[in-house]
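Student: Give me the fold of what follows.
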Amino acid sequence: MTGFWLASYIALWVVIGLLAFVVMGLLRQFGLLQMRMGIEPGVLITGEGLQRGVEAPEFEALDVVSTRVFRSSELRGRRAVLVFLTPTCGECREVAKQLSNVANQWREIQFLGVCYGSEQACEELAAQSSLRVPLLRDLENSISSAYGVRSTPFAYLIDEEGRILMRGVVNTWPQLQALIEERGTLRSGIALDEVIGRETVQAVAGEHRQRTTAWDLSSKGMSPPEVLSSQRGNKHEG
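Tutor: Residues are numbered from 1 along each chain as shown. Predicted coordinates:
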């Protein structure tokens, strides 16, 4: 009988351990969903990547769409968006499907995908996404390394003079649109001055208060045009 109770006791703790593991996994996934698909649709700014205002590194790579070599010097005089993608990343595939449509909406901007993967994987990504914008094969991870990209999908907005305007994680179409419009959401737990510079901390905090006010009012069925319009027109200075 003692052996039976001992076995039952051990089995109970095994079940409790499994339940705890499942609950922790669910909480982790919920946290990731909040980070990826949170209330604020801005591009997710983290400590990853190059600082705003620095000159974008030069590069050249084979475009798997046109099968020609693309050089970063071709971007001079025009704003550009670089979207770093990995073929095995689900969010990357979803963002890739939107790139051509986004490029049609912002024709004054040059859109580029940067694919870290094998030649076949990058070609399949371009075909499955029906890409009509260049997709550069970063076979040796040289472009991603130069831009400090460690996670995907990650994007940069570059100005006409080749300087970084904004960068961050773009898991969704609203986040990609926010990058183009220079609207960002800071991930909690990182220092503001490490991400955007000490001189803009107060400006970002003020914008966050405006955005929070707009959300609070809209959740009550109210529409504050003066707050929303200030959000749309507010751009961070690099």
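Student: Can you spell out which helices and strands pack onto the one helix or strand Ser144 maps to?
Tutor: Take DSSP states H and E as the rule and Ser144 turns out to sit in helix 142-146. For helix 142-146, there is no helix or strand it packs on, judged by 3 or more CB pairs under 8 Å, 6 or more residues apart in numbering; DSSP states H and E. For every residue, glycine as well, the C-beta is placed using N, CA and C.
Student: Skip ahead from it and say which helix or strand is next.
Tutor: By DSSP H and E, the next helix or strand past helix 142-146 is strand 154-158.
Student: which other residues reach that following strand?
Tutor: 43, 48-50, 56, 75, 79-84, 147, 164-170, 176, 179-180, 182 (CB atoms under 8 Å, 6 or more residues apart in numbering).
Student: what's the answer for stretch 137-144, then?
Tutor: With CB under 8 Å, 6+ apart as the criterion, stretch 137-144 contacts 57, 59, 61-64, 84, 114-119, 122, 136, 150.
Student: returning to that earlier point: I'd like the list of the contacts of strand 154-158 that fall within helices, please.
Tutor: Leu176, Leu179, Ile180 (DSSP state H).
Student: So which of those wins on neighbours?
Tutor: Most neighbours among the ones in helices among the contacts of strand 154-158, by other CB atoms under 10 Å: Leu179, with 25 neighbours.
Student: separation between the residue nearest to that one when sequence neighbours are not counted and Tyr147?
Tutor: Nearest non-adjacent residue to Leu179, counting by CB to CB, 6 or more residues apart in numbering: Val43, 4.2 Å away. In this structure, Val43 and Tyr147 are 15 Å apart, going by CB to CB, to the nearest Å.
Student: more neighbours, the two?
Tutor: Between Val43 and Tyr147, counting by other CB under 10 Å, Val43 is the more crowded of the two (28 against 22).
Student: isn't the more buried one right up against Asn171?
Tutor: No. Using CB atoms under 8 Å, Val43 is not in contact with Asn171; the gap is 9.5 Å.
Student: follow-up on the earlier one: buried sites along the helix holding Ser144?
Tutor: Using 16 or more other CB atoms under 10 Å as the test for burial, helix 142-146 gives Ile143, Ser144.
Student: same question for it, mean pLDDT?
Tutor: Average pLDDT, helix 142-146: 96.
Student: that older thread, out of the ones in helices among the contacts of strand 154-158, which is nearest to Ala126?
Tutor: Nearest to Ala126 among these, counting by CB to CB, is Leu176 at 17.5 Å.
Student: I figured the closest one hits Val83, correct?
Tutor: Yes. The criterion here is CB under 8 Å, and Leu176 meets it with Val83 at 7.4 Å.
Student: Overlap in contacts, the two.
Tutor: Between them, Leu176 and Val83 share the contacting residues Val95, Ala155, Val170, judged by CB under 8 Å, 6+ apart.
Student: next one: phi and psi at the last one?
Tutor: In this case it means Val170. Dihedral pair for Val170: phi -130, psi 80, per degrees, to the nearest 10.
Student: what's around it, how many residues?
Tutor: A total of 27 residues lie near Val170 under the criterion other CB under 10 Å.
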